[in-house]
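Novice: give me a 3D structure for the following:
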Amino acid sequence: MRTSLTSAVFAAVSALLLNSSLAQAQDTSSCIAGVGLIGLISFLISPSPKGGAPFNAVVRQTVDQKLADGNSIHAVIRYQVGRDASGKTFSRRPGPCFISDDGQQHQSYRVSVYDPNLKTTESWDVDGVNRIAIFTHMPPEKPSEAELAAMRANPARRRQVTSELQLEKLGTQNFQGVLAEGIRNTQTIPVGDQGNALPLIIVTENWNSTELGIAMKQVIDDPRRGRTVVEVEELNQGDPPPSIFMPPEGYEIKEQTITTTVLQSSPASR
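Specialist: Predicted coordinates:
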């Protein structure tokens, strides 16, 4: 049964987040209790049919952070991402642990699917409790001329960028048999911009594969958050199983439509 819902609030929806292992079965032996405390970063993957070949991959994210009191944090999480020949993408990422009817802890998962042809997303949780999949119709990607004019007129939509950016080409590397081109982005945030006493230097590396239309590796060195490395650990080229794009049997599907809301500038700002 499909239930219609309508939302007047525009939300940026991403089905490109990192996800768990290639095995679709839920892990019944252990779970990552602290997974919700670790910041998951977006994994660069093109949903366009022209953006790359179909694939199914395991992605490993490693987080290392040194705290001011001498303590440190080290964590490793694995996710699953993929894309089929039509351009549809999916992601499956771990969530908090839950206790099922057998009294054991299990890993929960959030699954997201994005179809660029239909402009829809679908998401559901595998947590032993929820049995609902949300099917969302997305708004047009390109704003109308009236929306663009309103955005330009509204100072709240403008963001002053004061940081300095430097780009450096790193050549090519082979990842899982796939060549990727590297780019290093060095961002310097000046003193006082975020209350900082000294300049903040953030270094980001992206190793992008033109063949697959994904980032094979990402490295972020941020003094505020430590070092995060995201890398394709296992890669299977070709169409993923169709079943991973569908909610489990017995899930209720609810439909909703996202519409854009244009923020008008106030009289005082004109």
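Novice: do a quick rundown of the strands in this structure.
Specialist: For the chain, the strands defined by DSSP state E cover 2-7, 55-66, 72-83, 89-99, 105-115, 120-126, 132-137, 164-175, 178-189, 200-209, 214-222, 226-237, 252-258.
Novice: right, and residue 200 touches residue 194 too?
Specialist: Yes: taking contacts as Cβ atoms under 8 Å, residue 200 lies within contact range of residue 194: 6.9 Å. Every C-beta, even on glycine, is put in place using the N, C-alpha and C of the backbone.
Novice: of these two, which one has the most company?
Specialist: Taking other Cβ atoms under 10 Å, residue 200 and residue 194 do not tie; residue 200 has more neighbours (17 against 11).
Novice: ok, back up a step: next, format the strands of the chain as TSV and append mean pLDDT and distance to residue 243.
Specialist: What follows is the strands of the chain, written out as TSV (pLDDT from 0 to 100; distance: least, Cβ to Cβ, whole Å):
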stretch	mean pLDDT	distance to residue 243
strand 2-7	36	20
strand 55-66	92	12
strand 72-83	89	12
strand 89-99	87	11
strand 105-115	89	11
strand 120-126	92	13
strand 132-137	93	14
strand 164-175	94	27
strand 178-189	95	25
strand 200-209	94	26
strand 214-222	93	22
strand 226-237	93	15
strand 252-258	90	16
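Novice: export the ones you listed to JSON lines and tack on distance to residue 245?
Specialist: Converted to JSON lines, the strands of the chain look like this (distance: least, Cβ to Cβ, whole Å):
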{"stretch": "strand 2-7", "distance to residue 245": "17"}
{"stretch": "strand 55-66", "distance to residue 245": "11"}
{"stretch": "strand 72-83", "distance to residue 245": "9"}
{"stretch": "strand 89-99", "distance to residue 245": "6"}
{"stretch": "strand 105-115", "distance to residue 245": "5"}
{"stretch": "strand 120-126", "distance to residue 245": "8"}
{"stretch": "strand 132-137", "distance to residue 245": "11"}
{"stretch": "strand 164-175", "distance to residue 245": "25"}
{"stretch": "strand 178-189", "distance to residue 245": "23"}
{"stretch": "strand 200-209", "distance to residue 245": "22"}
{"stretch": "strand 214-222", "distance to residue 245": "17"}
{"stretch": "strand 226-237", "distance to residue 245": "16"}
{"stretch": "strand 252-258", "distance to residue 245": "13"}
